[in-house]
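1. Starting from these lines, generate the structure:
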Amino acid sequence: MLMVRKKSLHPNKHVQTTPTHLVLRRSLLVYVILVFVLFSTLAMSIYLVDRLVISKQHTDRLNQITAIYDSLGLDSSYRAARSDLFGDKRVYSWDKGRTFASTIEYGHNDTPTNTASDLRKKVENAGFTYIQTEYEGSINPTQEYKNAKGNYLRVSTMSGTIHNSIVYGDVDSKAPLIQHANEAPTYVTIKVNLDDNNE
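-> Have a look, this model is predicted:
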């Protein structure tokens, strides 16, 4: 008697993979990882280059601002009291068309009138042209200057007596502050702005 074996209706559940199939699957995984690593590296490189460019721009601007202050040739009679120098362009939050200026404040042992006159000579020798005086006749007149590059410089001179009165409230005199407007020493504020003429 001959026995016929029936073909199984259920094929072998254990799918065998060939070495070629495994290599292809591994290659696909490696390819995906490689693309991800390359994309991440490219994105990081672009970010770092962008940061380096911005950092260089800020450094260049700060160097220009420092060079302007150095060009004034202030001697030791101008004693720096406070400094706020920066190279990044700081825009006012309430007015996008205006930017903050770098500032150095000095003490000078002379009257505000003499100090303003001395500083005007130094500023003009540094290549700046006088524009106007704001708040003339007040306790804190401000002379404005501009150079050929379009950079602005502002010089404010205030009597040390008035400055101390405003900061510390220590003037005993009952007279109006304006009567102390030309008393020595002088508190000087010099502002430099590479972009616009704002305080």
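2. use CA for all of it now, contacts and neighbours both
-> Will do.
3. what's the helix or strand for the residue lying closest to residue 72 once chain neighbours are set aside?
-> Leaving out its chain neighbours, the residue that sits closest to residue 72 by CA to CA, 6 or more residues apart in numbering is residue 122, at 5.3 Å. If you go by DSSP states H and E, residue 122 is part of helix 112-125.
4. Who are the packing partners of the next helix or strand after that helix?
-> Next along the chain after helix 112-125, taking DSSP H and E as the criterion, comes strand 128-134. Contacting strand 128-134 under the criterion 3 or more CA pairs under 8 Å, 6 or more residues apart in numbering; DSSP states H and E are the following elements: strand 142-147.
5. which is the next helix or strand following whichever helix in the chain runs longest?
-> Longest helix in the chain by number of residues, with DSSP state H as the criterion: helix 19-71. Next in sequence after helix 19-71, counting helices and strands by DSSP H and E, comes strand 78-84.
6. what residues does that next one touch?
-> 102-109 (CA atoms under 8 Å, 6 or more residues apart in numbering).
7. which secondary structure elements does whichever helix or strand comes after that strand contact?
-> With elements assigned by DSSP H and E, the helix or strand that comes after strand 78-84 is strand 102-108. Judged by 3+ CA pairs under 8 Å, 6+ apart, the packing partners of strand 102-108 are strand 78-84, strand 186-193.
8. mind listing what the shortest one pairs with, with the direction of each?
-> Put plainly, it is strand 78-84. When pairing is defined by DSSP bridges, strand 78-84 lines up against strand 102-108 (antiparallel).
9. Give me the contacts around the strand it pairs with.
-> Outside strand 102-108, the residues touching it (CA under 8 Å, 6+ apart) are 65, 77-86, 115, 160, 185-193.
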